[in-house]
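Peer 1: Turn this into a model:
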Amino acid sequence: MLFMLAACSPRIKYLGDDYPYKAQLDVFYDEQDVERPYAVMGHMTAEMNEFLHQLDEVREAMIQQAKERGADGIIFLGFYEAPQFEGDDNRDIVEAKLIRYKD
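Peer 2: Prediction:
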């Protein structure tokens, strides 16, 4: 059962700083929409797998991870297909920046 739950989760990678958990998180899809001064605290990618094909589920998993990392906001940069080894299907990758407000 635990294996099935893990298989259905996106593979999230994060490079950046961590802060205490934040329950409130602002979600953006364009950097120009952020009206407050901010600093980028890290970069996040999520890889969809053969069990998980819904972008909404990946989005929610990334939002939860951003809250756990203490971000004030997440800026979704987009998604793309990344080639794998020859003969394998491409994998979908979602990219985001985590931000902390300066004020």
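Peer 1: Contacts made by the host helix or strand of residue 95 with the rest, please.
Peer 2: Residue 95 is part of strand 91-101 when elements are defined by DSSP states H and E. The contact list for strand 91-101 (Cβ atoms under 8 Å, 6 or more residues apart in numbering) reads 10, 14, 16, 19, 31, 34, 36-49, 55, 58-59, 62, 66, 69-82, 84. C-beta: built from backbone N, CA, C; applies to glycine.
Peer 1: Can you turn the buried part of those into a ChimeraX selection?
Peer 2: Burial among these is assessed by 16 or more other Cβ atoms under 10 Å; the matching ChimeraX selection reads:
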select :10,14,34,38,41,42,44,45,46,48,58,59,62,66,69,70,71,72,73,74,75,76,77,79
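Peer 1: Return the subset of the contacts of strand 91-101 lying in strands.
Peer 2: 14, 16, 38-47, 73-82 (DSSP state E).
Peer 1: Any idea which residue is closest to the centre of the chain?
Peer 2: residue 62 (3.6 Å; Cα atoms, centre = their mean).
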